[in-house]
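Engineer: Generate a structure from the sequence data that follows.
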Amino acid sequence: MARLTEFQSKELLRSSGILTPKGEVGATPAAYSFETRTGQIHHDHALCILCESKACIAACQPDILELVGDLPELAISAADAKRGRCTECLACEEECWNQGNHGAAIDFPIAGLLAYRKEHASSS
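Structural biologist: Below you'll find the predicted structure:
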């Protein structure tokens with residue numbers, strides 16, 4: 001697949017609503033997120049639209065991700081993803097960072113971690 005020029009990339013982002021005509025981030029948020037049982041999965045569509053591999057889609061073995069307009073989105077309802085259809089396997093993020101454009105990020109908060117870090121910060 002041929003690489004896009006900077007002009008083509010910006011035109012693609014503008015047409016998707018991610019960039020304004022002047023090249024700034026527009027009112028449409030670039031982040032696409034959904035909740036899982038214990039956290040959230042985020043896809044930065046400003047990075048995803050420029051990704052050639054779309055590795056996150058192939059890595060998703062439960063097949064809950066699909067390409068919608070050349071961007072990764074849920075192929076199931078958000079409620080189903082939150083109920084457990086997303087198995088939280090981390091494959092989408094891993095393959096995005098290995099083969100893609102670094103647009104996927106998984107957030108699984110750990111209760112009490114910040115307090116623990118503050119308490120033990122001076123002992124490191």
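Engineer: Please make it C-alpha for all contacts and neighbour counts, starting now.
Structural biologist: OK.
Engineer: Return stretch 87-106 as CSV; C-alpha atoms alone will do.
Structural biologist: Extracted in CSV, the C-alpha atoms of stretch 87-106 (Å, rounded to 0.1, in the frame of the first residue of the first chain):
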residue,chain,number,x,y,z
THR,A,87,-12.3,-10.4,26.7
GLU,A,88,-9.7,-7.8,27.7
CYS,A,89,-7.0,-9.9,26.1
LEU,A,90,-4.8,-6.8,25.2
ALA,A,91,-4.1,-8.1,21.7
CYS,A,92,-5.6,-5.0,19.9
GLU,A,93,-3.2,-2.6,21.8
GLU,A,94,-0.2,-5.0,21.5
GLU,A,95,-0.5,-5.4,17.7
CYS,A,96,-1.3,-1.7,17.2
TRP,A,97,1.9,-0.9,18.9
ASN,A,98,3.9,-3.6,17.1
GLN,A,99,2.5,-3.3,13.6
GLY,A,100,0.2,-0.3,13.6
ASN,A,101,0.3,3.4,14.2
HIS,A,102,0.2,3.4,18.0
GLY,A,103,-3.5,4.5,18.2
ALA,A,104,-4.8,1.9,20.6
ALA,A,105,-4.6,2.3,24.4
ILE,A,106,-6.1,0.2,27.1
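Engineer: do you know how far the residue nearest to the spatial centre of the chain is from N101?
Structural biologist: In the chain, the C-alpha nearest the mean C-alpha coordinate belongs to H43, at 1.4 Å (C-alpha atoms, centre = their mean). Note on H43: its distance to N101, by C-alpha to C-alpha, to the nearest Å, is 10 Å.
Engineer: Secondary structure of the residue nearest to the centre of the chain: a strand, I assume?
Structural biologist: Yes - assessed with DSSP: H, G, I helix; E, B strand; the rest coil, H43 lies in a strand.
Engineer: and it, bridged to which residues?
Structural biologist: H43 forms beta bridges with Y32, A104, as assigned by DSSP bridges.
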